[in-house]
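Peer 1: Sequence first, predicted model second:
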Amino acid sequence: YCRVSTDDEDQIKSYDSMVRYYTDMIKNNKDWVYAGVYADKAMTGTKDNREQFQKLIQDCKDGKIDMVLAKSLPRFARNTLDTLNVRMLKEKGIAVFFEEENINTLTMDGELLLVILSSVAQQEVENISANVKKGLKMKMQRGELVGFQGCIGYDYDLVTKTLSINEEGAETV
């Protein structure tokens, strides 16, 4: 399973590299049968709308897959609910292997590490969210515009972070 959370150019390159890497890895292992790469582009790991992730889980439940490869735990599971999916897969005898952490969920060590790291991953997501909200609040307190994409009748100066009336646009308004 591959996922990148934004459509930033660097992330898209990373996405393409991950898909190619895991496709080659699976196809080049004579002991494995290629079931496809499930990949979500520009999807945050904390949302339930990851279509390919949901398809992967369903295909596992349907007995089409017996092992899942993922680059890392945060690429796969960013919250407790996703970790429960990993446990459900384990109960069905389906391994999830997180390459960066070298965790195979079918081993005892894998289960313990999974619990610890998934807790850390969820806390990280919550911290990032809190920091983003705090940053936006601080910008607003300084009088900076947040999410301003421009509007008719005004010009925004990026240097001084001020609005000025655009006479031509103001006539339209």
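Peer 2: Received it, and whenever you're ready, just let me know what you need. Residues are numbered from 1 along each chain as shown.

Peer 1: And stretch 55-68, end to end?
Peer 2: Across stretch 55-68, the terminal residues are separated by 12 Å (CA to CA, to the nearest Å).

Peer 1: List the buried residues in that stretch.
Peer 2: Residues of stretch 55-68 classed as buried: 56-57, 60, 65, 67-68 (neighbour count, 16 or more other CB atoms under 10 Å). The C-beta positions use only the backbone N, C-alpha and C, and glycine is treated the same way.

Peer 1: what's next to the strand or helix carrying Tyr15, contact-wise?
Peer 2: In this structure, Tyr15 sits in helix 9-27 according to DSSP states H and E. Residues outside helix 9-27 that contact it (CB atoms under 8 Å, 6 or more residues apart in numbering): 2-5, 32, 34, 37, 39, 41-42, 69, 71.

Peer 1: List the ones among the buried residues of stretch 55-68 that fall in strands.
Peer 2: Under the assignment DSSP state E, these contribute 67-68 to strands.

Peer 1: neighbours around Asn49, how many?
Peer 2: For Asn49, the count of nearby residues is 9 (other CB atoms under 10 Å).

Peer 1: And the helices in the protein?
Peer 2: Using DSSP state H, the helices of the chain run over 9-27, 51-61, 73-76, 80-91, 108-141, 167-172.

Peer 1: With respect to burial, which of the ones you listed scores highest?
Peer 2: Highest mean neighbour count of the helices of the chain: helix 73-76, a mean of 22 (counted as mean count of other CB atoms under 10 Å).

Peer 1: other SSEs contacting that helix?
Peer 2: In terms of contacts (3 or more CB pairs under 8 Å, 6 or more residues apart in numbering; DSSP states H and E), helix 73-76 is packed against strand 2-3, strand 95-98, helix 108-141.

Peer 1: chain center to it, what's the gap?
Peer 2: Centroid separation for helix 73-76 versus its chain: 7 Å, with CA atoms, centre = their mean, to the nearest Å.

Peer 1: So for it, mean pLDDT?
Peer 2: Across helix 73-76, pLDDT averages out at 79.

Peer 1: cool, and stretch 122-133?
Peer 2: Averaged over stretch 122-133, pLDDT sits at 78.

Peer 1: Can I get it in CSV, CA atoms only?
Peer 2: Taking C-alpha atoms only, stretch 122-133 is exported to CSV below (Å, rounded to 0.1, in the frame of the first residue of the first chain):
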residue,chain,number,x,y,z
GLN,A,122,-1.6,9.2,16.4
GLN,A,123,-0.1,11.6,18.9
GLU,A,124,2.1,13.0,16.1
VAL,A,125,-1.0,13.7,13.9
GLU,A,126,-2.8,15.4,16.9
ASN,A,127,0.3,17.5,17.5
ILE,A,128,0.6,18.6,13.9
SER,A,129,-3.0,19.5,13.8
ALA,A,130,-2.7,21.6,17.0
ASN,A,131,0.4,23.3,15.7
VAL,A,132,-1.3,24.2,12.4
LYS,A,133,-4.4,25.6,14.3
